[in-house]
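Chemist: For reference, the sequence and a predicted model appear below.
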Amino acid sequence: MALEIRLFTLADVPFGMLLTDAEEWFRVPADWARLVRLEPEGAFKAVVDGIPAGTAAILSFGRLAWIHSLIVHRDFRRRGVGEALLRACLDFADRRGIPCVKLDSVAGAEPFYARHGFAEEYPSWRLLADGQTGTPKAARMRRDDYPDVLAFDRAMTGLDRGRALRALLADSPDRAFVDREGGRVRGYALLRCGERRDPVGPCVADPDDPGVAADLLRSALAVSEGRKLRMCVGGYQEASLRIAEELGFARADHSKRMYRGEPFAESRACYAMISAEKG
Ligand SMILES: CC(C)(COP(=O)(O)OP(=O)(O)OC[C@H]1O[C@@H](n2cnc3c(N)ncnc32)[C@H](O)[C@@H]1OP(=O)(O)O)[C@@H](O)C(=O)NCCC(=O)NCCS
């Protein structure tokens, strides 16, 4: 068997869709394209005897990077393809000196990641809700809010997520909300378009005033026009889980957050992740 790891490019998006559709990951082609553009040197494709066999990618946020999109086509599993793809992502992180790498492991795959130095952290919840119609309580985010919102995100999370946030905002500019008090940003939330379910996230808000996060999430629900929503919340974020459940979200399932390298405690201000695989 001849196994090669190559860069995954925009031309590979249809292959990526084939894999994510088979796993029912609710991805749309725009998600794959955005991920490739964000980290073109960190998106990989495995090729076995000339045939595309799997994908994996890593996205850097400065001192933390996320591995995501690791899928091996069913015909090629258990032949070391997954391991080679994971290795390519870890090499990317090591070359750049990124001290901590995280991922969300599906149930059953934890030993696979543990063999490569990952330790378990906590459950990473996926919550689902039926959308509603109503008037959003929080203000719509405008383009001139972006610099303050990005600075707020950096201050709250300790990470540089500006590139990823700008890319998400470019795709769904009309369903973003910001909470300001006297000009100061206290929180923001995005609702994006997805396949069958629209993802809510990120939602980042002042951790000392959970009312801000509740208003932002309520606003996202209000503009969902009856579509189904999903949201990913780290198990450490008890305030977020409580608010989401009060607003009608129900826990569906969870994966296991795992990290490798220096521990990095995620921010209490992060009420909803960008998505399970991207922080
Ligand atoms: C997880 C996945 C990428 C592994 O790919 P792979 O090419 O089969 O992996 P490798 O051949 O390099 O390694 C396989 C080893 O990983 C372990 N493993 C991987 N996934 C596992 C799972 N879901 N359950 C149990 N063991 C798993 C096995 O122990 C196996 O070792 P073995 O063959 O000695 O028993 C593949 O199963 C897959 O695409 N699954 C569906 C998508 C998915 O869940 N991705 C992971 C998201 S976190």
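Modeler: Cool, the structure landed. Numbering: from 1, shown residues only.
Chemist: Looking at this structure, which residue is nearest the ligand?
Modeler: Nearest residue of the chain to the ligand (CB to the nearest ligand atom) works out as residue 82 at 2.3 Å. To be clear about C-beta, it is placed using only N, CA and C from the backbone, and glycine gets the same treatment.
Chemist: count of neighbours near that residue?
Modeler: 20 (other CB atoms under 10 Å).
Chemist: Then the one 5 residues further on?
Modeler: Applying other CB under 10 Å, we find 15 residues neighbouring residue 87.
Chemist: Let me know the next secondary structure element after the helix or strand harbouring it.
Modeler: According to DSSP states H and E, residue 87 maps onto helix 81-95. Downstream of helix 81-95, the next assigned helix or strand under DSSP H and E is strand 100-105.
Chemist: Pull the residues that contact that next one.
Modeler: If you take CB atoms under 8 Å, 6 or more residues apart in numbering as the criterion, strand 100-105 is touched by 58, 63-68, 70, 89-90, 93, 112-113, 118, 121, 124, 255-264, 276-277, 279.
Chemist: I'd like to know the beta-bridge partner residues of the closest residue to the residue of the chain closest to the ligand other than its chain neighbours.
Modeler: Closest residue to residue 82 in three dimensions, ignoring its sequence neighbours and counting by CB to CB, 6 or more residues apart in numbering: residue 72, at 4.9 Å. For residue 72, the beta-bridge partners under DSSP bridges are residue 54.
Chemist: how about residue 72, what does it touch?
Modeler: Contacts of residue 72 by CB under 8 Å, 6+ apart are 46, 53-54, 81-82, 85.
Chemist: Could you rerun that using 7 Å?
Modeler: Applying CB atoms under 7 Å, 6 or more residues apart in numbering to residue 72 gives the contacts 53-54, 81-82.
Chemist: about what we covered before: what are the C-alpha coordinates of the helix holding residue 87, in CSV please?
Modeler: Provided in CSV are the C-alpha atoms of helix 81-95 (Å, rounded to 0.1, in the frame of the first residue of the first chain):
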residue,chain,number,x,y,z
VAL,A,81,-4.2,6.2,7.5
GLY,A,82,-5.8,8.0,10.4
GLU,A,83,-2.6,7.9,12.3
ALA,A,84,-0.6,9.3,9.4
LEU,A,85,-3.1,12.2,9.1
LEU,A,86,-3.0,12.9,12.8
ARG,A,87,0.8,12.9,12.6
ALA,A,88,0.7,15.5,9.8
CYS,A,89,-1.4,17.8,12.0
LEU,A,90,0.8,17.3,15.0
ASP,A,91,3.9,18.0,12.9
PHE,A,92,2.3,21.3,11.8
ALA,A,93,1.8,22.3,15.4
ASP,A,94,5.3,21.2,16.5
ARG,A,95,7.0,23.1,13.6
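Chemist: Output the contacting helices and strands for that helix.
Modeler: Contact partners of helix 81-95 among helices and strands, from 3 or more CB pairs under 7 Å, 6 or more residues apart in numbering; DSSP states H and E: strand 3-7, strand 43-48, strand 51-60, strand 64-72.
Chemist: tell me the most buried of the ones you listed?
Modeler: strand 64-72 (a mean of 25; mean count of other CB atoms under 10 Å).
Chemist: Tell me what angle that strand forms with strand 100-105.
Modeler: 40 degrees (axes from the mean of the first three to the mean of the last three CA atoms, to 10 degrees).
Chemist: Just give me how far strand 64-72 sits from the chain centre.
Modeler: 10 Å (CA atoms, centre = their mean, to the nearest Å).
Chemist: I'd like the C-alpha coordinates of that strand written as CSV, please.
Modeler: Taking Å, rounded to 0.1, in the frame of the first residue of the first chain, the C-alpha atoms of strand 64-72 are listed here in CSV:
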residue,chain,number,x,y,z
LEU,A,64,-3.7,26.9,20.9
ALA,A,65,-4.5,24.9,17.8
TRP,A,66,-7.5,22.7,17.0
ILE,A,67,-7.4,19.4,15.1
HIS,A,68,-10.6,18.8,13.2
SER,A,69,-12.0,17.1,10.2
LEU,A,70,-10.2,13.8,10.7
ILE,A,71,-12.1,11.2,8.7
VAL,A,72,-10.9,8.1,6.9
